[in-house]
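Colleague: any chance you could fold what I've pasted below:
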Amino acid sequence: MTKQEIKFLEGPQSRWQDFKFSISVLFEFIKGFRALHFAGPCVTIFGSARFKEDHPYYKKTEELSARIAQLGFTIMTGGGPGIMEAANKGAREIGGRSVGCNIVLPHEQEPNPYLDKWVNIKFFFVRKTLLIKYSYAFVVMPGGFGTLDEYFEALTLIQCKKINEFPIVIFDTEFHKELIDHINLMKEKQTISPNDTNLFLITDSVDEAIDYIQKNGINKFDLQHERPYKPLRWLFEHK
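Modeller: Okay, the predicted model is just below:
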């Protein structure tokens, strides 16, 4: 987190400090809106920044991302290395569009080289909102705390009907076995509804993932890949 964010999360500040922080958050959102306004419709792929190019997870992400891009979606990621890089690379290699919403950190913060467009965001909660705002499906690849945070953010918004019931794909059953076991435990203990486990697909198959996104994304919401919005020259916009 930035020093400004750390200070904000320590508790009540002066009214002036809280106001200044709110203004900085507003500007971060506006920066994101300007950068990503013409990006969609997107599929966001979540996953670890730590896997190298020769790792099986990297290669599988690259394959899956390319297939999703062939459906006409823009591939969106957190913009960094590892799984994020693999996803952007997969889209780029088949001529698809690739965008990133990069978090500014002391490490793992450089945008990967496979992005057509990206924006650097200071605050995690702003970044998560942007990743969800432009997405019509979500893919959860193997990852760490950040990946699970992003996954459950999207899932909670869908569960609570704050966003539409866009498809979520959890990829790699072996890696996510304990996570799925815990979700089933929550269903057993009735802390989630019985139908909540229908909000996502768990799979090891690229074909199954693509069919799921096609059926529950493109077909269900009748997605048109050309957005009606036109760049405004007086705002210095371009696609």
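
Colleague: and Thr173, how many neighbours?
Modeller: 12 (other CB atoms under 10 Å). In short, each C-beta sits where N, CA and C put it, glycine included.

Colleague: same check, this time on Leu36
Modeller: 22.

Colleague: what helix or strand is the spatially most central residue of the chain on?
Modeller: By CA atoms, centre = their mean, the chain has its centre lying nearest to Thr44, at 3.7 Å. Remark: Thr44 resides in strand 42-46, with elements defined by DSSP states H and E.

Colleague: least trustworthy helix or strand in the chain by mean pLDDT?
Modeller: In the chain, no helix or strand scores lower on mean pLDDT, DSSP states H and E than helix 3-8, which sits at a mean of 70.

Colleague: so where's the protein shaky on pLDDT?
Modeller: Within the chain, the stretches with pLDDT under 70 are 1-2, 4-5, 106-109, 224-229, 231-239.

Colleague: would you tell me which helix is longest in the protein?
Modeller: The longest helix of the chain (DSSP state H) is helix 15-36.

Colleague: any buried residues in it, and which?
Modeller: Neighbour counts over helix 15-36 (16 or more other CB atoms under 10 Å) mark 21, 24-25, 28, 31-32, 35-36 as buried.

Colleague: can you name the element that comes right after the strand holding Thr44?
Modeller: helix 56-70.

Colleague: what's in contact with that next one?
Modeller: 43, 45, 47-48, 51-52, 75, 82-83, 85-91, 93-98, 137, 139, 141-142, 171-172, 175, 206, 209-210, 213 (CB atoms under 8 Å, 6 or more residues apart in numbering).

Colleague: so Thr77 sits right up against Ala91, yeah?
Modeller: No. Using CB atoms under 8 Å, Thr77 is not in contact with Ala91, being 9.3 Å away.
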